[in-house]
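*Asks:* here is my input, please return the structure:
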Amino acid sequence: MAQIETELQLLKVEAVNMWTLVNSQLSKARLAFLNFDKDLAREVVTKEKRVNGSELKIDRDCENIFALFCPVAIDLRFLLAVLKINSNLERIGDIAEGIAKYIIDAEAPFTKELLDVTRILPMYEESVKMLEDTQEAFEKEDTILARSVFKKDDFLDDINRQAHKVLERYLKDHPEDTSQALWLLSIIRKLERVGDQAKNVAEEIIFYLEAKVLKHKNKFV
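*Replies:* Alright, predicted model coming up:
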């Protein structure tokens with residue numbers, strides 16, 4: 001096996017490990033949110049340093065491969081994709097940390113009725129699933145699975161678009177929940193950004209495998 005192939009395989013393992021770490025962060029922030037678990041939320045905040053360290057390591061390894069091997073064709077696309085995916089994953093890690101910080105600062109668990117009307121729980125579940133699907137698509141080199149992420153992002157966008165009006169109607173009857181509503185709106189906005197980052201990752205997987213640039217184009221081509 002050529003040396004560049006060995007280096008690229010090691011880089012892929014690093015990228016998958018980064019995915020797993022970020023997915024763990026997002027999932028733990030979800031559990032902290034569901035159970036109002038401030039200790040688990042603090043764990044997410046503490047582990048954010050590992051996410052940042054992994055991002056820097058992958059960036060350095062990509063730069064070294066560029067410098068040493070001057071990759072071309074699919075190897076070049078793979079490296080370019082990993083660099084962008086790495087950045088997207090780090091941003092999702094930041095979002096998970098931000099959600100965890102909301103849990104730490106919140107004074108009381110969120111009311112069930114407020115959770116139900118905003119549809120934030122299925123939104124959170126779908127955002128985690130999107131991240132899991134992109135990881136599987138990357139590992140299995142499955143562009144069909146990567147494309148399925150775009151539909152899931154539409155679901156997140158729909159909840160985000162409706163959140164303001166839904167909360168406005170809810171607060172007319174429950175003004176005492178204004179503080180909680182503002183917290184939830186902030187988390188919804190963050191989850192919508194998770195969807196955007198996961199969609200960007202899916203685009204990079206398709207670019208790497210099919211040499212198609214989907215940004216600003218119809219995602220289903």
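*Asks:* for the host helix or strand of residue 100, packing partners?
*Replies:* Element membership for residue 100, per DSSP states H and E: helix 73-105. Counting contacts by 3 or more C-beta pairs under 8 Å, 6 or more residues apart in numbering; DSSP states H and E, helix 73-105 is packed against helix 3-35, helix 38-69, helix 178-210. Glycine gets a C-beta too; all of them are placed from N, C-alpha and C.
*Asks:* most tightly packed of those?
*Replies:* helix 178-210 (a mean of 21; mean count of other C-beta atoms under 10 Å).
*Asks:* the helices and strands packed on helix 73-105: which one's closest to residue 132?
*Replies:* In terms of C-beta to C-beta, the element of these nearest to residue 132 is helix 3-35, at 6.3 Å.
*Asks:* and the closest one, how far from the chain's centre?
*Replies:* 11 Å (C-alpha atoms, centre = their mean, to the nearest Å).
*Asks:* could you figure out how far that helix is turned away from helix 38-69?
*Replies:* 170 degrees (axes from the mean of the first three to the mean of the last three C-alpha atoms, to 10 degrees).
*Asks:* just give me the neighbour total for residue 101.
*Replies:* 16 (other C-beta atoms under 10 Å).
*Asks:* need the pLDDT of the residue lying closest to it once chain neighbours are set aside.
*Replies:* Excluding its sequence neighbours, the residue lying closest to residue 101 (C-beta to C-beta, 6 or more residues apart in numbering) is residue 45, at 6.3 Å. For residue 45, the pLDDT comes out at 98.
*Asks:* do residue 218 as well
*Replies:* At residue 218, pLDDT is 57.
*Asks:* and residue 107, by the same measure?
*Replies:* 88.
*Asks:* is it in a helix, a strand, or coil?
*Replies:* The three-state assignment at residue 107 reads coil, by DSSP: H, G, I helix; E, B strand; the rest coil.
*Asks:* rewinding a little: dump the helices and strands packed on helix 73-105 into TSV; add distance to residue 157 as well.
*Replies:* Formatted as TSV, the helices and strands packed on helix 73-105 follow (distance: least, C-beta to C-beta, whole Å):
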stretch	distance to residue 157
helix 3-35	18
helix 38-69	25
helix 178-210	7
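*Asks:* which one, of those, ends up nearest to residue 128?
*Replies:* Comparing those by C-beta to C-beta, helix 3-35 comes nearest, at 5.7 Å.
*Asks:* quick one: low-confidence parts of this structure?
*Replies:* Applying pLDDT under 70 to the chain flags residues 1, 215-221.
*Asks:* hmm, 90 instead?
*Replies:* 1-2, 107, 212-221 (pLDDT under 90).
*Asks:* rewinding a little: and after the helix holding residue 100, which helix or strand comes next?
*Replies:* helix 112-118.
*Asks:* export that next one to PDB, keeping only CA atoms.
*Replies:* What follows is helix 112-118, C-alpha atoms only, in PDB (Å, rounded to 0.1, in the frame of the first residue of the first chain):
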ATOM      1  CA  LYS A 112     -44.200  19.600  29.200                       C
ATOM      2  CA  GLU A 113     -46.800  21.700  27.500                       C
ATOM      3  CA  LEU A 114     -44.200  24.100  26.300                       C
ATOM      4  CA  LEU A 115     -42.000  21.300  25.000                       C
ATOM      5  CA  ASP A 116     -45.000  19.800  23.200                       C
ATOM      6  CA  VAL A 117     -46.200  22.900  21.400                       C
ATOM      7  CA  THR A 118     -42.700  23.800  20.200                       C
END
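*Asks:* many thanks, we can stop here.
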